[in-house]
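Q: I would like the atomic coordinates for the input below:
(chains A and B)
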Amino acid sequence: MKVLRLPKSPKVLLGLGILGFFILMTIIGPWLAPYNPSATNFAANLTPSAHHWLGTTSLGQDIYSQLLVGARATMVVALLAGLVATILSVTIGVAAGYLGGLSDDGLSLLSNVFLAIPGLPLLIVIDSYLPVNSRSNTFVIGLIISLTGWAWGARVLRAQTMSLRNRDFVEAARIIGEKRHRIMFSEIAPNLLPVLASSFLFTVLYAIGAYVTLAYIGLTSTAVWNWGTMLYWAQANNAPLSNEWYWFVPPGICIALVGTGLALVNFGIDEFINPRLRAGGLTSRQRRKLGLPRRVRLGLTPVLRPAKAPRVSTAPAKLVSQ
Amino acid sequence: MRMIIRRLSLYALTAWVAITVNFLLPRLMPGNPVQTMIGKLTGQVTAAEMNAIQLSFGGSFKQGLFAQYFTYLTQLFHGNFGSSITLGAPVGAILRESVPWTVGLIGVSTIVSFAVGTFAGALLGWTRGSRLDSLIPTATFFQAIPYFFLGTVMLLVFASNLHWFPVLGAYSQNATPGWNWNFVGNVIRYGELPVISIVLSSIAGWMLGMRNMMITMVGEDFVLMAVAKGLPRRKVIMHAARNAILPSIANLSLAIGLVVSGALLVELVFNYPGVGDLLLQAVLNEDYPLIQGIFLVITLTVLCANLIADVVYLALDPRTRTEAAV
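A: As a prediction, this is how the structure comes out:
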């Protein structure tokens, strides 16, 4: 697939590796967990040992099991919110960009309003009114997070659609009488794939942050294990001030690593969209391989064009100075 | 000018949406949280207070929805946000005490983070492909850490273990608040660690955005021209940076909302007496009038900040002005 032709920079590979690891953890984590994360039948406040890799909480729960089990809820909410928000932003962004006129004005206004309202306080207000049984429902939480997270993607997609809508292939589709929704979703949307992917990753990143934050301030059910509830309990029991780093550091690191993975893959997509960044992201060894000058020269940002055939090492990459 | 009016009307509309959401949410939510709240309060508050609560939340549906909405708006315009259930004081008065702390903390951090991040990003973009590029994954890692977690770790390491910074609060308990050097110095001292943690978590965004724009700019002809003219290196960089900074400023209004959301939680961690701390208390106590008041104030403040950022952008980039004139 041409679509998967991400630049093979070390950043992207690292990002994909990290994401792969955590997706695996999401799938098999709960089975790997050595104990029931809620069971309180161990001694309290144990430091890490062979039996309890990350020690126990002040209630005597195994922290390592909580971390493994908590991965699932965290990732599921984040991916769900990312997916729903992306669907919303494609629908609204592409429609606004393609239809133009009044519908554009209305839809842009909608997304601008959502962009201007600070997301987290809005989420907190919505969430604080939810009945308790909905707060434990990961789907409900995922949906309301996506409600506050779609607007940025819609704005970017609208701008991209506007630049596409007068291209020849869209004109051609219009002339042969294709329906509007077909032009929007079968002709234009596939060309937005890199932008779409990037906006999806960003939304997932936002959703993880939002979900963990909601859990951290105690607005999701504490009965569902996720990395935010772990931090909530750690904070509630003063783990940071009593030096119980093994309690609150691991979930924080996991969140940060997932985020880093997402952002690194996003760099790859950025480099894919903007050929100038592509050359900027190369290591010096790769530059040499491609026949680029090792030191970056001024006024000469090489635009790397993807080769049609597998690149033969003797053929130097085209240098285009623009 | 037309551009400013357009932005103004957008923000006015946004403010109206926020107010309306605030009005509708408690009335539309399943499970009727207001009835639950009123049930809990019976016996705790006087009949007059109960009446006021019912009025502001639509607990009693004697009035129609539109009449309720009208009452709600009139009250808001008189600066009446209702009164907090747990603290027993008007929400407006409570907020007046905590808002300046938050605005100060977030304002300073945002400016520092924008200035330092943009400068670092310009340098990174200029020296692209060098060793310095390895800073990027590190910066990304910091960006991906939730603000409150970074704050917690920094509190643990630098305040409670190394004792480099004071631990909690906005000023020492011995200090008496007032406009004198002693107190102001004390506030600055207590503010250092929260500001550093907010800056660390938010700086990567500015840095990366600026770096990417810089890389694109360095390929432009006018930069080559500047070099060809023999301008000193520093001037060339400034020349490119001035052009690369525009998208960062355009994004400023977007980022303010994000920074505010994150910083609210930093306040939590540091027990900073600002709006974030208040919000948590309100959430834990299910103090709906207070939650709503805080949400409104945060939203309105963010909108004002956005407006300022927009005006700055218009002043800096003549192209946006001509576009608006067409």
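Q: ok, the residue in chain A that chain B sits nearest to - contacts?
A: Closest contact between chain A and chain B, by C-beta to the nearest C-beta, is at A:Gly259 (2.4 Å). (Each C-beta comes from the backbone N, C-alpha and C, glycine too.) Contact analysis of A:Gly259 by C-beta atoms under 8 Å, 6 or more residues apart in numbering or on different chains lists A:Leu205, A:Ile208, A:Gly209, B:Thr140, B:Phe141, B:Gln143, B:Ala144, B:Ile145.
Q: Could you pull up the residues touching the residue lying closest to the third one once chain neighbours are set aside?
A: Put plainly, it is A:Gly209. In space, A:Gly209 comes closest to B:Pro146 once its chain neighbours are excluded; the distance is 5.6 Å by C-beta to C-beta, 6 or more residues apart in numbering or on different chains. Each residue near B:Pro146 by C-beta under 8 Å, 6+ apart is listed here: A:Gly209, A:Val212, A:Thr213, A:Tyr216, A:Gly252, A:Ile255, A:Ala256, B:Ser201, B:Gly262, B:Leu265.
Q: so where does the fifth one fall, helix or strand?
A: A:Gly252 belongs to helix A:245-273 when assigned by DSSP states H and E.
Q: Show me what counts as buried in that helix.
A: A:245-272 (16 or more other C-beta atoms under 10 Å in any protein chain shown).
Q: ok, back up a step: would you list the phi and psi of the residue nearest to A:Gly209?
A: When read as degrees, to the nearest 10, the backbone of B:Pro146 gives phi -60, psi 140.
Q: One more: A:Glu178?
A: Backbone geometry at A:Glu178, expressed as degrees, to the nearest 10, gives phi -70, psi 150.
Q: Assign a three-state SS to A:Pro30, would you?
A: Put simply, A:Pro30 is helix when judged by DSSP: H, G, I helix; E, B strand; the rest coil.
Q: I'd say it and A:Gln66 touch.
A: No - A:Pro30 lies out of contact with A:Gln66 (C-beta atoms under 8 Å); the separation is 10.9 Å.
Q: Compare the two and say which is more crowded by neighbours.
A: More neighbours surround A:Gln66 than the other of A:Pro30 and A:Gln66, with 27 against 17 (other C-beta atoms under 10 Å in any protein chain shown).
Q: Tell me the secondary structure at the nearest residue to that one once chain neighbours are set aside.
A: Once flanking residues are discounted, A:Gln66 sits nearest to A:Pro37: 4.2 Å by C-beta to C-beta, 6+ apart. Here A:Pro37 is coil, with the state taken from three-state DSSP.
Q: since we're on A:Pro37, how many residues are nearby?
A: Using other C-beta under 10 Å, A:Pro37 is surrounded by 21 other residues.
Q: so what's the backbone phi/psi at it?
A: phi -60, psi -20.
Q: again with the one 10 residues further on
A: Backbone torsions for A:Thr47, taken as degrees, to the nearest 10, come to phi -80, psi 160.
Q: Identify the residues contacting it.
A: Neighbour list for A:Thr47: A:Gly55, A:Tyr246 [criterion: C-beta under 8 Å, 6+ apart].
Q: Sketch out the low-pLDDT regions of chain A for me.
A: Within chain A, the set of residues satisfying pLDDT under 70 comprises A:1-8, A:274-322.
Q: Is chain A within reach of the helix or strand containing B:Leu303?
A: Secondary structure from DSSP H and E places B:Leu303 in helix B:288-316. Yes - Helix B:288-316 reaches chain A (C-beta under 8 Å from any C-beta of the partner chain) through B:Tyr288, B:Ile291, B:Gln292, B:Ile294, B:Phe295, B:Ile298, B:Thr299, B:Val302, B:Leu303, B:Asn306.
Q: Tell me how many other residues crowd A:Ile175.
A: The number of residues packed near A:Ile175 is 8, by other C-beta under 10 Å.
Q: What of the one 5 residues further on?
A: By other C-beta under 10 Å, 12 other residues sit near A:Arg180.
Q: show me the residues around it that make contact.
A: Each residue near A:Arg180 by C-beta under 8 Å, 6+ apart is listed here: A:Tyr98, A:Leu99.
Q: what's the first-to-last distance across stretch B:75-87?
A: 20 Å (C-alpha to C-alpha, to the nearest Å).
Q: Show me which residues of the helix holding B:Leu303 are buried.
A: For helix B:288-316, a neighbour-count test (16+ other C-beta under 10 Å) marks B:288-299, B:301-303, B:305-307, B:309-310, B:313-314 as buried.
Q: now stretch A:51-61
A: Buried residues in stretch A:51-61, counted by 16+ other C-beta under 10 Å: A:His52, A:Trp53, A:Leu54, A:Gly55, A:Thr56, A:Thr57, A:Ser58, A:Gln61.
Q: quick check, nearest of the residues you listed to B:Val218?
A: The shortest approach to B:Val218 among the buried residues of stretch A:51-61 belongs to A:Leu54, at 46.6 Å (C-beta to C-beta).
Q: and the gap between the closest one and A:Thr229?
A: Distance of A:Leu54 to A:Thr229, computed by C-beta to C-beta, to the nearest Å: 15 Å.
Q: Could you do B:Trp16 as well?
A: Using C-beta to C-beta, B:Trp16 is found at 36 Å from A:Thr229.
Q: Have a look at those two and say which one is more surrounded.
A: Using other C-beta under 10 Å as the criterion, B:Trp16 and A:Thr229 rank with A:Thr229 on top: 25 against 12.
Q: what residues are up against the nearest residue to A:Cys254 once chain neighbours are set aside?
A: Distances taken as C-beta to C-beta, 6+ apart place A:Trp227 nearest to A:Cys254, at 5.8 Å, with adjacent residues excluded. Under the criterion of C-beta under 8 Å, 6+ apart, the neighbours of A:Trp227 are A:Leu67, A:Gly70, A:Ala71, A:Thr74, A:Val212, A:Ala215, A:Pro251, A:Gly252, A:Cys254, A:Ile255.
Q: Filter the contacts of B:Pro146 down to the ones in helices?
A: When those are checked against helices (DSSP state H), the matches are A:Gly209, A:Val212, A:Thr213, A:Tyr216, A:Gly252, A:Ile255, A:Ala256, B:Ser201, B:Gly262, B:Leu265.
Q: possible to save those as TSV with distance to A:Val90?
A: Listed next are the ones in helices among the contacts of B:Pro146 as TSV, based on distance: C-beta to C-beta, whole Å:
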residue	distance to A:Val90
A:Gly209	22
A:Val212	26
A:Thr213	26
A:Tyr216	31
A:Gly252	32
A:Ile255	27
A:Ala256	29
B:Ser201	30
B:Gly262	27
B:Leu265	31
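Q: Looking at those, spot the one nearest A:Ala85.
A: A:Gly209 (13.2 Å).
Q: Would you mind measuring from that closest one to A:Pro250?
A: On the measure of C-beta to C-beta, A:Gly209 and A:Pro250 end up 17 Å apart.
Q: Return the set of buried residues in stretch A:21-37.
A: A:Phe22, A:Met25, A:Thr26, A:Gly29, A:Pro30, A:Ala33, A:Tyr35, A:Pro37.
Q: Over to stretch B:153-164?
A: Within stretch B:153-164, the residues scored as buried using 16+ other C-beta under 10 Å are B:Val153, B:Met154, B:Leu155, B:Leu156, B:Phe158, B:Ala159.
Q: Out of the residues you listed, which sit inside strands?
A: Using DSSP state E, no member of the buried residues of stretch B:153-164 falls in strands.
Q: If we check chain A, which of the residues you listed are in contact?
A: Filtering the buried residues of stretch B:153-164 for neighbours of chain A using C-beta under 8 Å from any C-beta leaves B:Val153, B:Leu155, B:Leu156.
Q: Closest one of the residues you listed to chain A?
A: Set against chain A, the nearest of those by C-beta to the nearest C-beta is B:Leu156 (4.8 Å).
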